[in-house]
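**Q** what follows is a protein structure lacking sequence information:
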């Protein structure tokens, strides 16, 4: 179990009487609090989606259900997976899986009891039409075993396949590969809390191990997330104390189809950073989401890092208030931006307690809107997906309280569906090609020269242009004539020399056909 995940669970399960006592609280009920940011192009407040419905799922009183992963399957149903913990005399921990219909109504739920302390990290839908779940099992205080469990659509399945060395301690992520097998990523040899390796294992469709590799230096290294790449390889992300500055750092590793390391990068400051998830972006680069103690406004903040295809950092952004914010999931949005989900103790009606938090950004990480969602007790999001209509579905946990006793409370799976994101919904008659334009700039702010990477990631018909405008809307630079030559040479970056321009705000605008993408530039002198 990851260090920050341990902190989350410990706080949930050892909440004190001050937090839970109803006499210290106001009225119950869901809260949907808002912190609106500014729109990309100049000060227009953007509406955020609202909660359309929310549901909770549990195994009864005196248990805590911690949801780690939510997916949508082709027929529109949702599947949630994580674990259920007994809080009373029998402190069991078992994998808990729930399937709902598209309205969030439970169709079935299933406990997978492996005879030890079990937890599920991720569930995916497989090409065979069922589900694959991965997680960890600990028996008799021994170092954990990793397991892969394949389940039919009705919840039926066989005993989990174990990966049998004592050294593969924790599996955080799984992807299905072209031959019907799976790749599993996590942590290797956690026998000493200060040392471990990142691990990648490939298995066939029956769960038989084909090969394995370990990565990282002499200190603590582990993976939390991975994606497949077009060349058949993988990009893995997690946390390392072997590379970078300070303590724990974001860690990004690219490997080929046989698991051989191609490159490894670390990002961080003087204190600790924790990387929860990596996604690939339309320009071939990557985005990493997690939390930071080194940067931002509060104790911990959401941290989003964008890289190019070689893992070199292009920019990073933080989001948060004076308290704690923990990002645990992110995704690409159709306009090339990002949505990040996790928890906040800075925002919401009961600031100081946790609320689920959703942050929406543009393509360069500037916040468009943020929303905190939750009740008067601790709630958080662990997983986010976006549906075709632009709405979001978020899975996590919600704390409930029903009496004055020490165990008169519980934590339940929590599923929230929002209305469509206005930023993701095209105007009537306009069809958007998801993430077809990419635009960024660095450094930003800048004092004379700025580099502008750009990309037409999808085939766009119509005129293509890239121009820079001053605050009055006057075009001060036009790079459009250079675009065909740059694209033909496979160059997707140019430089603007603004040494002769006055300090202030400028707008870059990239256009192709009926699409356009803009970014604000700050010239300082």
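**A** Looks like it arrived, so ask away. Remember, it's a predicted structure, so these values are computed and weren't measured experimentally.
**Q** got the contact list for the spatially most central residue of the chain?
**A** Residue closest to the mean C-alpha point of the chain, counted by CA atoms, centre = their mean, is residue 329 at 2.0 Å. For residue 329, the contact set (CB atoms under 8 Å, 6 or more residues apart in numbering) comprises 276-277, 289, 340-342, 381-384. Backbone N, C-alpha and C define where each C-beta goes, glycine included.
**Q** now do residue 241
**A** The contact partners of residue 241, by CB under 8 Å, 6+ apart, come to 194, 219-221, 247-249.
**Q** tell me which of the residues you listed fall in strands.
**A** 221, 249 (DSSP state E).
**Q** just the buried residues of the contacts of residue 241.
**A** With neighbours counted by 16 or more other CB atoms under 10 Å, the contacts of residue 241 contain buried members at 219-221, 247-249.
**Q** out of these, who's nearest residue 103?
**A** Nearest to residue 103, judged by CB to CB, of the buried ones among the contacts of residue 241 is residue 248 at 40.4 Å.
**Q** nearest residue to that closest one in space, please, no chain neighbours.
**A** With sequence-adjacent residues excluded and distances taken as CB to CB, 6 or more residues apart in numbering, residue 248 is closest to residue 272, at 4.3 Å.
**Q** count of residues packed around that neighbour?
**A** As a burial measure, residue 272 scores 19 neighbours (other CB atoms under 10 Å).
**Q** which other helices and strands contact the helix or strand encompassing residue 238?
**A** In this structure, residue 238 sits in strand 234-240 according to DSSP states H and E. Counting contacts by 3 or more CB pairs under 8 Å, 6 or more residues apart in numbering; DSSP states H and E, strand 234-240 packs against strand 168-176, strand 182-192, strand 195-203, strand 221-228, strand 249-255, strand 273-280, strand 286-292.
**Q** residues making contact with the fourth one?
**A** What that stands for is strand 221-228. Taking CB under 8 Å, 6+ apart as the rule, strand 221-228 contacts 2, 170, 172-173, 175, 177, 183, 185-187, 196-200, 215-216, 234-242, 251, 253, 275-280, 286.
**Q** quick one: the helices in this structure?
**A** With DSSP state H as the criterion, the chain has helices at 3-13, 17-20, 483-488.
**Q** weakest of these in terms of mean pLDDT?
**A** Mean pLDDT values for the helices of the chain show the minimum at helix 17-20, a mean of 32.
**Q** still on that earlier bit, how close does the residue nearest to the centre of the chain get to residue 203?
**A** According to CB to CB, to the nearest Å, residue 329 stands 25 Å off from residue 203.
**Q** count the neighbours of residue 72 for me.
**A** Residues near residue 72, counting by other CB under 10 Å: 16.
**Q** so it bridges to which residues?
**A** Beta-bridge pairing for residue 72 (DSSP bridges): residue 78.
**Q** the one 10 residues further on too?
**A** According to DSSP bridges, residue 67, residue 96 are recorded as the beta-bridge partners of residue 82.
**Q** isn't it right next to residue 70, touching?
**A** No: using CB atoms under 8 Å, residue 82 makes no contact with residue 70, being 9.3 Å away.
**Q** next, show the common contact partners of the two.
**A** With CB under 8 Å, 6+ apart as the test, residue 82 and residue 70 both reach residue 382.
**Q** and the strands in the stretch 1-150 of the chain?
**A** Here the stretch 1-150 of the chain has its strands, by DSSP state E, counting those that start in this stretch, at 31-36, 51-57, 63-72, 78-86, 93-100, 106-112, 117-125, 131-138, 145-151.
**Q** closest to residue 523 out of the ones you listed?
**A** strand 31-36 (26.6 Å).
**Q** can I see the domain layout of the chain?
**A** 38-424, 437-523 (automatic domain parsing).
**Q** so which of those domains is the most packed in?
**A** Highest mean neighbour count among the domains of the chain (mean count of other CB atoms under 10 Å): domain 38-424, with a mean of 20.
**Q** quick one: the strand holding residue 238 to strand 249-255, angle?
**A** Going by axes from the mean of the first three to the mean of the last three CA atoms, to 10 degrees, strand 234-240 is angled at 160 degrees with respect to strand 249-255.
**Q** strand 234-240 pairs with which strands, parallel or anti?
**A** Going by DSSP bridges, the partners of strand 234-240 are strand 221-228 (antiparallel), strand 249-255 (antiparallel).
**Q** closest to residue 421 out of the ones you listed?
**A** strand 221-228 (22.7 Å).
**Q** hey, what's residue 371 bridged with?
**A** residue 34, residue 358.
**Q** pretty sure it is touching residue 348, no?
**A** No: here residue 371 does not reach residue 348: they are 9.6 Å apart, not a contact under CB under 8 Å.
**Q** any idea how far the strand holding residue 238 is from the middle of the chain?
**A** Distance of strand 234-240 from its chain centroid, counting by CA atoms, centre = their mean, to the nearest Å, is 13 Å.
**Q** just want the angle from it to strand 273-280.
**A** Using the same axes, to 10 degrees: strand 234-240 against strand 273-280 is 170 degrees.
**Q** pLDDT on strand 234-240, on average?
**A** Here the average pLDDT along strand 234-240 is 97.
**Q** next one: stretch 176-189
**A** Stretch 176-189 comes out at a mean pLDDT of 90.
**Q** tell me who's in contact with residue 442.
**A** With CB under 8 Å, 6+ apart, residue 442 has these contacts: 314-315, 450-451, 453.
**Q** how about a markdown table for those residues, with distance to residue 225 and pLDDT added?
**A** Shown next, in a markdown table, are the contacts of residue 442 (distance: CB to CB, whole Å; pLDDT from 0 to 100):
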| residue | distance to residue 225 | pLDDT |
| --- | --- | --- |
| 314 | 19 | 90 |
| 315 | 20 | 91 |
| 450 | 31 | 91 |
| 451 | 28 | 89 |
| 453 | 24 | 86 |
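**Q** okay if I get those as CSV plus distance to residue 465?
**A** Formatted as CSV, these follow (distance: CB to CB, whole Å):
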residue, distance to residue 465
314, 22
315, 23
450, 18
451, 19
453, 16
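**Q** of all the residues you listed, which comes closest to residue 475?
**A** Among those, and counting by CB to CB, the member closest to residue 475 is residue 450, at 16.5 Å.
**Q** who are the contact partners of the closest one?
**A** 441-444, 495-496, 498, 521.
**Q** what's opposite it in the beta bridge?
**A** Beta-bridge partners for residue 450, by DSSP bridges, are residue 496.
**Q** separation between it and residue 525?
**A** 13 Å.
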